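[1] sequence first, predicted model second:
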Amino acid sequence: MTSISTTLTSTTQQRRPFVPDFFDRRLQRENTCSVKFDARKAVFGREDVIPLWVADMDFAAPAAVTQALEERARHPVYGYTLFPESLYASIVDWFRSRHGWTIERDWLLMAPGVVPSLHAAALAFAKEGEGVIIQPPVYPPFFSAIRKTGRVVIENPLEQVDGRYQMNLEHLEACAAREDARVLLLCSPHNPVGRVWTESELTAVLAIARRHNLVVLSDEIHCDLTYPDKPAHQVLARLAGDEDALVTAVAPSKTFNMPGLGLSALVVANAEHRKALKDVFDAMHMNQCNPFSIAGFEAGYRDGGQWLDELMVYLQGTRDFVMDYVEQHLPAIQVTEPEGTYLLWLDCRALEMDDSELKRFFVHQAGIGMNPGITFGEAGSGFMRMNIGCPRPVLQRALEQIRQAMASVSG
Ligand SMILES: Cc1ncc(COP(=O)(O)O)c(C=O)c1O
């Protein structure tokens, strides 16, 4: 097995992230216990598919993050660890400077991840058998967080208007008006369709939630990943008033490509709601923290800004490259142009394959591992989700493989 240290670019090179080809460089991730690479055989039945699935990127994290981890590792005692005040300050500073959102220190509750926070919100704000609204196609744990906690999924499917996904606000109002509806899990920006919700859409959501006493959990894990040529992300809580029941989940894990470090924060202005969430985590003794997560988290928010800006310029070029390629060479696929996230939502319905045929086609004929759209709910049937967070040459090869596979099917 190749050792991790020899497969990664040296730290010295990482410290100069803004060399022109930084994001084009291929880092070997095989044999690093990477889900995206090392679970291919288990998930796709083949270990040679080009992995364009699970949502992490193949880029080195900001050098400041690696340095902070190295520095922490240098102290050889890895004991029980506190969340330091400097960590909270890094969150407050990042959201003030990047999103114009003023968070008070006391509103912050550290959490072991955003998915655990979805579960915690279902447990804290709905009773068993009560309803939680989601808007599919949506990130699969939105479904499982509700089902596994014994709550009931209420679906308000997104609708496509002129090729752009929108929330069906009329139907959302009807869902919220149900006797059993207690919580809305909002995905903002929305995985997998890449929408960055506008101020007017978000204001409408708040008004509906207010009218029907819903608690809204706004999952804003992708909030920093918006394209420079698209409108900026709007933090829902910035538009809310004191009367709104709102929980915002944030994390630097997608932003700086370190989701394996597993830490997130909940921002909850209402003290009772904060306590309800804290009680859920305490009940499972999920209030420990990992010294490496803290080091990486804080370093990202403190020093990762320039890396992020460069990343989004690169991803924008990649997004345009993929969309142009698909338009020119893969006419049976329609791509929804994302406004945020490094995920592309491919409409493959014109291929006229059912969902298992579609998966088989991409895995066995094209040699590509993507997330089948059907795993995001019925509304995702006939779609595939492509992760473009990798060097552009990798995507070029993947697209060429899809083109050849399509030629062999139609020929
Ligand atoms: C919308 C959304 N929420 C949460 C997560 C995962 O969060 P965590 O790793 O903090 O549990 C993802 C990862 O893809 C995501 O897309």
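    All right, it came through fine.

[2] so which residues on this structure come close to the ligand?
    Residues of the chain lying close to the ligand by CB under 6 Å from any ligand atom are 55, 113-115, 139, 187, 191, 219, 221, 251, 253, 259, 264. Placement of C-beta: from N, CA and C, glycine included.

[3] ok, the residues you listed vs Asn156, which is closest?
    Nearest to Asn156 out of these is Cys187 (CB to CB; 11.8 Å).

[4] run a quick neighbour tally on that closest one.
    The tally of other residues near Cys187 (other CB atoms under 10 Å) stands at 26.

[5] got the phi/psi numbers for it?
    Torsion angles at Cys187 (phi, psi; degrees, to the nearest 10) stand at phi -110, psi 110.

[6] going forward, begin numbering at 859 instead of 1
    Yep, numbering from 859; the last one is Cys1045 now.

[7] let me see the contact set for Asn1145.
    Shown in contact with Asn1145 (CB atoms under 8 Å, 6 or more residues apart in numbering): Lys1136, Phe1139.

[8] that older thread, tell me which of the residues of the chain next to the ligand fall in strands.
    Judged by DSSP state E, the subset of the residues of the chain next to the ligand located in strands is Cys1045, Asp1077, Ser1122.

[9] I'd like the residues of the chain next to the ligand as TSV, with distance to Leu1060 appended.
    Listed next are these as TSV, based on distance: CB to CB, whole Å:
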residue	distance to Leu1060
Ala913	23
Gly971	24
Val972	19
Val973	22
Tyr997	18
Cys1045	12
Asn1049	17
Asp1077	13
Ile1079	16
Ala1109	20
Ser1111	23
Pro1117	25
Ser1122	21
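
[10] picking up where we left off before, and which of the ones in strands among the residues of the chain next to the ligand is nearest Arg1243?
    Cys1045 (13.3 Å).

[11] that closest one bridge partners, please.
    Beta bridges link Cys1045 to Asp1077 when assigned by DSSP bridges.

[12] isn't it up against Gln993?
    Yes: Cys1045 is in contact with Gln993 according to CB atoms under 8 Å; the separation is 7.1 Å.

[13] element containing Val1184, please.
    helix 1163-1187 (DSSP states H and E).

[14] what about that helix, average pLDDT?
    Helix 1163-1187 shows an average pLDDT of 97 in the prediction.

[15] that helix - contacts with which helices or strands?
    Judged by 3 or more CB pairs under 8 Å, 6 or more residues apart in numbering; DSSP states H and E, helix 1163-1187 is in contact with strand 1192-1194, strand 1201-1205, helix 1250-1268.

[16] list the pairing partners of the second one within its sheet, with orientation.
    Looking at strand 1201-1205 with DSSP bridges, its partner strands are strand 1192-1194 (antiparallel), strand 1241-1245 (antiparallel).

[17] ok, the residue nearest to the spatial centre of the chain - contacts?
    Centroid check for the chain by CA atoms, centre = their mean gives His1080 as the closest residue, at 5.0 Å. Taking CB under 8 Å, 6+ apart, we find His1080 in contact with Ser1046, Pro1047, Asn1049, Lys1112, Gly1198, Thr1199.

[18] what count of nearby residues applies to the spatially closest residue to the second one that is not a sequence neighbour?
    Read it as Pro1047. Using CB to CB, 6 or more residues apart in numbering and skipping residues adjacent in sequence, the residue nearest Pro1047 is Gly1198, 3.7 Å away. The local packing of Gly1198 (other CB under 10 Å) involves 25 other residues.
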